[in-house]
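[1] Coordinates for the following, if possible.
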Amino acid sequence: MSKVGVAQLQKRLDGLLAFLQPHWDFVNCHMVNYLTDQHWESFIPDALRTEISGKEDVELAIEHLFWESKRFLNRFPEWDSFLDKGKQERLSFHSDLLTTLEQLIEGPENAAQLSIGEFMSAKKCHEVELTAALVDHLVKNHNQGCYIVDAGDGKGYLSSRLALQYGHRVLGIDANAANTENALSRNRKLQRAWNGLTERAELQREGITPKRRGKKSPTRVSTKAAPTLDNYKTTSRFITTDINFGDLLVEHFSQSGSICLTGLHTCGNLAATCLQVFHAQPDCQLLCNIGCCYHLLRERYSTQEFFGNKAIMDEQTKFGFPLSQYLQERTVRLGRNARMLAAQSIERTLDAKELPNITLYYRALLEILVCRHAPHLKNELQVGKVRKFENFADYVQKCAAKLDAPWLAAIEEDELQCLLREYALDKLYLDLFYLLRMSFAPVLESLILLDRLLYLKELGHESSYLLDLFDPVISPRHFAIVSIKPVM
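    Numbers count the residues shown, from 1 in each chain. Okay, the predicted model is just below:
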């Protein structure tokens, strides 16, 4: 199996940075300010703007450039070229940097996967099945006596599958004490139903439709003993680089050993922390990490932190980006809005042909009202989600109540209707702007992920890999980082 080298990663990162260099202000702009700061004129290159000259062009551009799977027209050549250049920067375009599951495993599957969808959503089922199978392969093919530590255990979806289906000893760690209790409660329910669930899954795999839940299948009699909870423990801890997993294993299993550190959608800085702990602790022999929530990363060089993010980041003891020395030497900075964008899914949007929710447009209109009636609050209002409104006037009233803003509640309906008429065409342009900006999401995510892989490579972990593990439409954060330390 070929391994991606440091120089190869550095070259790709150079390409990403060169592509992003003219667009950092664009990816860090806030959609709230789309109208007040004239984003269309400020951020869309002249060559692209000249190809769009009205409602018909905007609608045709959205259909042709984003909704059609193949572009048959050449009506917008500058847009076509711009979007294609962006696609070439995405990690999915560079298969030489990715490792397939088949290449990593290099051998027969250890056990057939069972599709057990009870107690979780279809999305979570997809993620848990594939991650559990991958972790099982890593442990059985590289370190049979391994303990598994699941960082950010949450409700125990991955941990319980690894313990019940694959029989591994698992310690789930989550910062939220309520989550650890819920994980154990869920696991007890799953344990009681496990044999029936596995029997149904086996029947379905053989093409047999099982009986409804609660009725035993006449085709077979289960002789399996109910699995026990002895191999699954949980604990509530905030994971930092100072944590000692060996001590926690002794506390919960009365002994320690080599560790496979895993995490399914470890939030924000936790993904970076897992990589740092994997390197620092000799007992951590295997790593399998899928990160998410990039907006909660603590950046070394970013100054664009506001609202609640800074308080969350201050809890972290280390920086989460950049990790690699290569990007640190270049003082690479993403910015909060760019990280927010990196966490969005262009694949889901295109698959669903989904334009932004009307609240995005209404919030931009609201900012115009802020500039007119309370200019000292420009860029200061954190509205958040507003639900169940009938129209723009209703939206404004709900915002006024939520923010306790009498000045907003006092704005007359005539002004609101006039505002809607004045900016009606801008709604269409906002949709196209939104889609173009979202096309940068996988490029920004590529920068974050390649930084993590390079960090491991710089530290001498040669057997470190990036896998495209999930269906991106089902699970937008679909890349896994795997690292294997040599057996001593």
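[2] Helices along the stretch 151-300 of the chain, start to end?
    With DSSP state H, counting those that start in this stretch as the criterion, the stretch 151-300 of the chain has helices at 157-164, 177-205, 245-253, 269-280.
[3] what is the rounded mean pLDDT of the longest one?
    Per-residue pLDDT over helix 177-205 has a mean of 56.
[4] One more: the first one?
    Averaging pLDDT along helix 157-164 yields 90.
[5] Check which helices and strands that helix sits against.
    helix 122-142, strand 147-151, strand 170-174, helix 177-205, strand 232-236, strand 259-267 (3 or more Cβ pairs under 8 Å, 6 or more residues apart in numbering; DSSP states H and E). Quick note: C-beta positions are derived from backbone N, CA and C, even for glycine.
[6] residues near L16, how many?
    L16: 19 surrounding residues under other Cβ atoms under 10 Å.
[7] Please name the nearest non-neighbouring residue to it.
    The shortest distance from L16 to any non-neighbouring residue, by Cβ to Cβ, 6 or more residues apart in numbering, is to L447 (5.1 Å).
[8] Could you tell me what pLDDT the model assigned to the nearest residue to E41 once chain neighbours are set aside?
    Of all residues not flanking E41 in the chain, R49 sits nearest, at 7.5 Å (Cβ to Cβ, 6+ apart). For R49, the model assigns a pLDDT of 97.
[9] quick one, phi psi at R49?
    Dihedral angles of R49 (phi, psi; degrees, to the nearest 10) stand at phi -60, psi -30.
[10] pretty sure it contacts Q38?
    No. Using Cβ atoms under 8 Å, R49 is not in contact with Q38, being 11.8 Å away.
[11] Pick out whichever of the two has more residues nearby.
    R49 (14 against 11).
[12] Quick one: the helices in the stretch 1-150 of the chain, in order.
    6-20, 24-27, 39-43, 46-49, 55-62, 77-87, 101-105, 122-142.
[13] Pick the most deeply packed of the ones you listed.
    For the helices of the stretch 1-150 of the chain, average neighbour numbers computed from mean count of other Cβ atoms under 10 Å are highest in helix 122-142, which has a mean of 20.
[14] and the next element down the chain from the helix or strand bottoming out on mean pLDDT in the chain?
    Ranking every helix and strand in the chain by mean pLDDT, DSSP states H and E puts helix 309-313 at the bottom, with a mean of 53. Later in the chain than helix 309-313, the nearest helix or strand by DSSP states H and E is helix 325-329.
[15] ok so, going back, right, and the residue nearest to L16 touches A18 too?
    No. Judged on Cβ under 8 Å, L447 makes no contact with A18 at a distance of 11.6 Å.
[16] how many other residues sit next to the nearest residue to L9 once chain neighbours are set aside?
    Here the nearest residue to L9 in space, its sequence neighbours aside, is L454; by Cβ to Cβ, 6+ apart that works out to 4.4 Å. Number of residues near L454 (other Cβ under 10 Å) recorded here: 24.
[17] Please tell me how far L454 sits from D468.
    18 Å (Cβ to Cβ, to the nearest Å).
[18] got it, and F321?
    21 Å.
[19] Could you do C288 as well?
    14 Å.
[20] V370 contacts L381, correct?
    Yes. Assessed by Cβ under 8 Å, V370 is found in contact with L381 at 6.2 Å.
[21] more neighbours, these two?
    V370 (21 against 17).
[22] Mind pulling up the pLDDT for the more buried one?
    Taking V370 on its own, its pLDDT is 97.
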